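A.B. asks: Sharing a model prediction with you, sequence too.
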Amino acid sequence: MPEKKRMQGVEGQAGHPALCVLPEIEKEDELLEAIWTLREDDRLSVETLIDSCRIDGCEEVLQSLAKTGWLEVKGQSIELLAKGERRAKELVRRHRLSLRLFYDLFSLDGAEAEACKFEHILSPEVTDSVCTLLGHPPNSPDGKPIPRGECCAMFKQEMRPLVAPLADLTPGEKAKIVFITPGSHSRLDRLSAMGVVPGSVVKLHQKRPSYVLQVGETMIAVDKEITREIFVKKV
Amino acid sequence: MHDHGSKPSKEQQQDLNKVLLIGNPNVGKSALFGLLTGKYVTVSNYPGTTVEVTYGNAVLNKVRTLVIDTPGVNSLIPMSEDEKVTRDMLLADRSDVIVQVADTKNLRRALLITIQLAEMGVPFILDLNMDDEAKSRGILIDQTGLSQLLGIEVVKTVAIRRSGIDRLLKGIQQPRPSTVAVRYDEAIEGGAHDIAALLPDAPISKRALALMVLAGDESLKSWLHVNLQDHVIAEIEKIRQQVQQKFNNSLGFLINQRRMGKADEILRRVMTLSEAGKGSTAAFYLGSWSMHPVMGIPILLGVLYAVYQFVGVLGAGIIVNFLEKTVFGEYLIPWAAKIVTFVLPVPFLQELIIGDYGIVSMALTYAIAIVLPIVGFFFFAFGLLEDSGYLPRLAVMVNRVFKIMGLNGKAVLPMILGLGCDTMATLTTRILETRKERMLVTFLLALGIPCSAQLGVVLGMISGISAAATALWIGTMVAVLFIVGYLTAQLLPGEPSDFVLELPPIRVPQLTNIMIKTLARVEWYLKEAVPLFVLGTLILFVADKIGFLAFIQKAADPIVVGFLGLPSKAAEALVIGFLRRDYGAAGLFMLSKQGLLDPVQTVVSLVVVTLFVPCIANFFMMIKEQGLKAAVLMVAFIFPFAVVVGGAMNWFLRSFHISL
């Protein structure tokens, strides 16, 4: 793996020489990510963090992160400080985008393991490119939100996304469904029973007054919100 | 009300060979049912025409057979009430033969059900229906190959043209469980295995049941509770949750996705697409235009205008005039009068038949001369619309507007059906997904959707006044529906559901089907309405004789005359309106013909009678579908509300001296 990317992958870490301390950095990354995820579930405390920790020397790493100003530990509570917040957000974003990339686009088994490797090495530019390529997906395949990056906020999409929500197609265009974000379970089940599953080719007929799509020989009228949850690749 | 909807007795069921028709919505199950049994059930071109199980007797292959038609399903894991009806049929007891009816051009989706039937281990055959339509689109299916892959008999039919029925009859002699099988993820297979071990015996395989449980089939819970102890159910639920935790997507979605994968694999081997039939047809463009944001509106108005001309002007005007004035007025009633005075020398009995409230002079004149031609014309026009595939496209047009009322476009289907018959439409609310939507639509149907008979009478009366009067009446109804709908939606708990509606292809309606359908509906109208018309007339007759009618008129005078500004005699029409709304409307029709109503009075009385309480049949259907409490509450609101709106309109028109 090229060193340069590694350096950028852990942005702002001037104190760490690129080659030798990677395992340490990865440990820090893992811990920050775990903190972010637990916080999302509203379960964050030192105890739950140590419980769910998958690395050795979890407590030491936590202390060293506190010492170097990434976060604050008060009793059971952990609070990310500004730069820790930023770093954790970037990490989670890279992880979940990678998951999307491997899981949906390449249909790789073991997407999780690949994503874990990638989150440490993607540069911010590459991350944004992947995000754009995937059409700025709102969720990772496990339904958790992907933290938004700068690219998502940009009004103009400079790079034509490879994967886009069905809602963004022009009427008459055909595309293959790559993934569907689980907005609501029953909605997904209903659509899947009508043949709207990843791999199916779908044609967008019209957008107004309602969205109408065609899968095989079936025409289905749906709400706009539903077409925002179906991500497609043009064919 | 539909006699074939009743369930045959247990003994009857056991004696007979049973054939169950199952399939996706709008694939022609009812058409096939009609062919096999000779019994007519409504056949239309939109999903959800059948919402109840229908039984019919037939002699197939020299064996007395009970044929069962079921509501269409997209998956045997039900998403709405009508789909649950079908799944419950499979759970209830074992059928001798299941015929899966498929739309050939949509084989992919049919295979999803085929796979589920295979998992259930039930013997069945696959009928590829609408083979002609598939061919014209360049879709060819290798029937022998498919039969080999599935391990069951596969036949091709075109039910509406009666083609292929002998092949189907031969096929149903050899039903077999299908050999097609899908392997799911290890964790799902493991969970299914563990759950299956806990399940009781059922007419379908335990693995299939376990997969339903895993897919999160809520509607299965009541069945489980009948058949299992609580701790076993808790254990099953635990296994389900453990399996679900291993996946990010819902298990139901993953299971369907794997089944679709298998279906695609089968399709690749049996389906060939030729470009020959491809390319867009006139029907396709018509379909697209009818839901175009701009062109859709003139098309809608055009359709409405055509129906108005056909039903209101031709049916309610010319034909009713002829029947009422000429046939009844000049011939039948005078003849009846002569015969009655000759045969029955008792004045009391004479009056009973030909008096003011006589069975011939009132009940039969109303039912046959006024309402019958109107409903007949309406059912015909409506049948054309149903079979063309236009109605679901209307849902596409109105979806956004309906969202304001906490409904989605799909709700337009029962509401349009309500223009045919509110009672049937109340049953059709089953196609809606949430209880909130079903309640709301049931309520709006009872409140402000005039049924065909009533609508025809109203159109007949109002078209004689002016376009402004017609617009005022329509505008008031639409405004009431939206305002009341919006406010009720705020009161009722629950979330609106997503708009997901399948659109059938636009088809040229078949005249024979429409004629049969119209006749079946007219027959049903006569059976249901005429006895009630006679009953209502008898009640009026008695009430008149004992002076009760005069008492009611007097008691109602402050409201009818004072508040609504109507003649005292209009109270009579409103009283019989309790029995049937069209009967009430017909009463007003007579008043207006006799010149007793001025234009303002006509509009006010029509507004009141349209909003007025639902007819008795509709009321019972509301109780059946939504419970007594809800039904009573609705009526308790509707009755005073109708009077208040009528009064407000009377006040408004009089105060501002608006002449219509």
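C.D. replies: The structure has been received and is ready for your questions.

A.B. asks: distance of B:V522 from chain A?
C.D. replies: Between B:V522 and chain A the distance is 32 Å, computed by CB to the nearest CB, to the nearest Å. For the C-beta atoms, the positions are set from N, CA and C on the backbone; glycine is no exception.

A.B. asks: mind listing what that residue touches?
C.D. replies: B:V522 sits next to B:L372, B:V375, B:G376, B:F379 when contact means CB atoms under 8 Å, 6 or more residues apart in numbering or on different chains.

A.B. asks: So, low pLDDT: which residues of chain B?
C.D. replies: Where chain B drops to pLDDT under 70, the residues are B:1-15, B:45-48, B:275-280.

A.B. asks: which residue packs closest to the most centrally placed residue in it, ignoring adjacent ones?
C.D. replies: Nearest to the mean C-alpha position of chain B, counting by CA atoms, centre = their mean, stands B:T428 at 4.1 Å. The shortest distance from B:T428 to any non-neighbouring residue, by CB to CB, 6 or more residues apart in numbering or on different chains, is to B:P414 (4.4 Å).

A.B. asks: count of residues packed around that neighbour?
C.D. replies: Residue neighbour count, defined by other CB atoms under 10 Å in any protein chain shown, stands at 27 for B:P414.

A.B. asks: need the contact list for it.
C.D. replies: With contact taken as CB under 8 Å, 6+ apart, B:P414 is in contact with B:A425, B:T426, B:T428, B:T429, B:I431, B:L432, B:V441, B:L445.

A.B. asks: which stretches of chain A form helices?
C.D. replies: Across chain A, reading from the start of the chain, the helices by DSSP state H fall at A:3-9, A:22-40, A:46-52, A:58-67, A:82-100, A:111-118, A:124-133, A:150-153, A:185-193, A:224-228.

A.B. asks: Give me the domain ranges for the chain.
C.D. replies: Going with chain A. Under the assignment named as automatic domain parsing, the residue ranges that make up the domains of chain A are A:1-161, A:163-234.

A.B. asks: My question was about chain B, not that one.
C.D. replies: Domain segmentation of chain B under automatic domain parsing yields B:3-171, B:186-273, B:297-655.

A.B. asks: Any residue of the first one touching chain A?
C.D. replies: So the one you mean is domain B:3-171. Yes: using CB under 8 Å from any CB of the partner chain, we find that domain B:3-171 touches chain A at B:N74, B:S75, B:I77, B:M79, B:D103, B:K105, B:N106, B:R108, B:R109, B:L112, B:R137, B:I139.

A.B. asks: roughly how far out does that domain sit from the chain middle?
C.D. replies: Average the C-alpha atoms of domain B:3-171, do the same for its chain, and the two points are 20 Å apart (CA atoms, centre = their mean, to the nearest Å).

A.B. asks: before we move on, what about the shortest one?
C.D. replies: Taking CA atoms, centre = their mean, one finds domain B:186-273 lying 32 Å from the centre of the chain it belongs to.

A.B. asks: element containing the residue nearest to the centre of chain B?
C.D. replies: Counting by DSSP states H and E, the element that carries B:T428 is helix B:422-428.

A.B. asks: So which elements touch that helix?
C.D. replies: In this structure, helix B:422-428 packs against helix B:412-418, helix B:435-448, helix B:616-626, with contacts taken as 3 or more CB pairs under 8 Å, 6 or more residues apart in numbering or on different chains; DSSP states H and E.

A.B. asks: List the residues that contact residue 199.
C.D. replies: Since you didn't name a chain, this refers to chain A. Contact criterion CB under 8 Å, 6+ apart gives A:K176, A:I177, B:M260, B:G261, B:D264 as the residues in contact with A:G199.

A.B. asks: let's do chain B instead
C.D. replies: The contact partners of B:L199, by CB under 8 Å, 6+ apart, come to B:K206, B:L209, B:A210, B:L228, B:I236.

A.B. asks: Give the burial count for residue 132, as a bare number.
C.D. replies: Unless you meant another one, I'm taking chain A. Residues lying near A:T132 (other CB under 10 Å) number 21.

A.B. asks: try chain B instead
C.D. replies: Number of residues near B:D132 (other CB under 10 Å) recorded here: 16.
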